[in-house]
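1. Kindly generate the corresponding structure for this input.
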Amino acid sequence: MQSSSEYPLRPLTIGEIFDRAVTIYVRNFVPFTLIVLTLLAPLAILQYFALPSSASSLAQIAKQASDPKATVSPFTNEQLALLFGVVFLAAIFAPFINNAVAVGVARLYSGDRPNYGQSFAKVFQRWLPLIGTAFVNLLILGGLYGFTVFVLMIVVIIGVTLVQPALPLAIAFFVLAGIGLLAVIPLFLMLLIVYAFSTYATSIEDANVSRAIASGFSRVFGRKELKKSILMALAYIALEIGVLTIGLTVAVVLQMVLKLDAVQLVITTVMNAVLTAFLAILLAVYYYDVRTRTEGLDLETDLQRLSVTG
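-> Below is the predicted model of the structure:
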């Protein structure tokens with residue numbers, strides 16, 4: 001790898017991963033924000049023209065809260081269908097955005113600068129395995145979610161039926177359901193990291209679907225990495241919850257102050273782009289950190305190849 005890189009490949013602590021992600025984003029704010037806006041800007045335009053205004057939605061919700069018997073929906077059937085379509089498009093194109101960010105970070109590691117066009121060019125070269133990998137990961141996440149809901153329902157139903165004849169046993173079942181839910185949450189979060197890592201492998205490593213998913217699981221659930229991946233998953237979701245809370249708060253305040261949906265939407269879209277770009281960079285830095293500690297020479301080869309391709 002080129003020695004001129006500002007970010008030498010070395011094992012990082014969790015604190016250093018966050019620090020490097022901040023440094024990378026601050027120094028390369030424009031290209032990474034533009035990459036994320038490629039998806040968020042069209043979604044914001046669709047939201048503005050096709051979905052109800054924030055003021056109207058808030059008014060509907062307030063009416064529902066003041067009169068619980070009122071059957072008021074903030075969305076029409078057509079708007080609900082469009083909202084589903086927006087979510088579907090976001091799910092399809094989000095991996096392309098995240099991978100473009102990861103390619104941009106890779107260029108920094110190889111001593112180059114992130115480039116909007118070249119980042120997307122590399123990702124779209126691998127569009128088919130990327131979509132396939134994302135689809136399989138969504139099936140895994142959906143399967144885990146469905147299985148968890150099914151098991152919890154069974155346990156809760158058994159607990160309810162035992163309340164009268166055997167209350168201590170019913171309490172034990174409720175406690176078991178709570179413990180199971182607490183155990184599934186970090187597992188679900190780690191699978192989200194597997195999702196990201198496996199999609200990165202399609203663009204960075206030119207991996208096919210099966211090899212990409214296998215590499216994602218081995219890197220996140222490997223014996224030496226398991227503890228750190230759990231901590232990273234918890235730190236990431238805590239940060240994302242904070243980001244969503246801040247975004248919602250700012251949106252409500254802007255609506256109350258400005259009372260202009262267009263201005264509010266522009267400001268919140270840019271803010272969401274900034275926060276989303278940082279989260280994407282953070283996951284990319286963690287991906288390269290895992291590979292640095294486990295496959296140093298292979299990672300350097302991939303980075304050099306990406307630099308030559310760019």
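
2. going forward, measure contacts between C-alpha atoms and count neighbours the same way
-> Will do.

3. in this protein, which helix has the most residues?
-> Across the chain, the longest stretch assigned as helix under DSSP state H is helix 167-204.

4. quick one: the helices in the protein?
-> With DSSP H as the criterion, the chain has helices spanning 14-27, 29-50, 54-66, 77-109, 116-125, 127-161, 167-204, 209-221, 226-258, 261-294, 296-309.

5. Off-centre distance for the shortest one?
-> Read that as helix 116-125. How far helix 116-125 lies from its chain's middle: 20 Å, per CA atoms, centre = their mean, to the nearest Å.

6. Which positions in it come out as buried?
-> Y116, Q118, S119, F120, A121, K122, V123 (16 or more other CA atoms under 10 Å).

7. ok, V86 to L130 distance?
-> Distance, V86 to L130, using CA to CA, to the nearest Å: 20 Å.

8. Compare neighbour counts for the two and give me the winner.
-> Legend: neighbour count by other CA atoms under 10 Å for V86 and L130, higher for L130 (27 against 17).

9. My guess is that one contacts I204. True?
-> No: contact criterion CA atoms under 8 Å: L130 and I204 do not qualify, at 10.9 Å.

10. Identify the residue nearest M271 in space, chain neighbours excluded?
-> Ranked by CA to CA, 6 or more residues apart in numbering and with sequence neighbours excluded, the top spatial neighbour of M271 is G247, at 7.5 Å.

11. Number of residues surrounding the one you found?
-> Neighbours of G247 (other CA under 10 Å): 17.

12. Contacts only, for it.
-> G247 makes contacts with T268, M271, N272, as judged by CA atoms under 8 Å, 6 or more residues apart in numbering.

13. Ok, R219 next?
-> R219 sits in contact with V194, E225, V290, R291, where contact means CA under 8 Å, 6+ apart.

14. quick one: pLDDT of it?
-> R219 carries a pLDDT value of 92.

15. where's it relative to I241, distance?
-> Applying CA to CA, the value for R219 to I241 is 25 Å.

16. Then L152?
-> For L152, the distance to I241 (CA to CA) stands at 24 Å.

17. Which one's more surrounded, those two?
-> Neighbours per residue, other CA under 10 Å: of L152 and I241, the larger number sits with L152, 19 against 12.

18. Let me know the pLDDT of the more buried one.
-> 82.

19. Please apply the same query to the one 10 residues further on.
-> You'll see L162 listed with a pLDDT of 75.

20. Which residue is the nearest non-sequential neighbour of it?
-> Spatial nearest neighbour of L162, excluding adjacent residues (CA to CA, 6+ apart): A170 at 5.1 Å.
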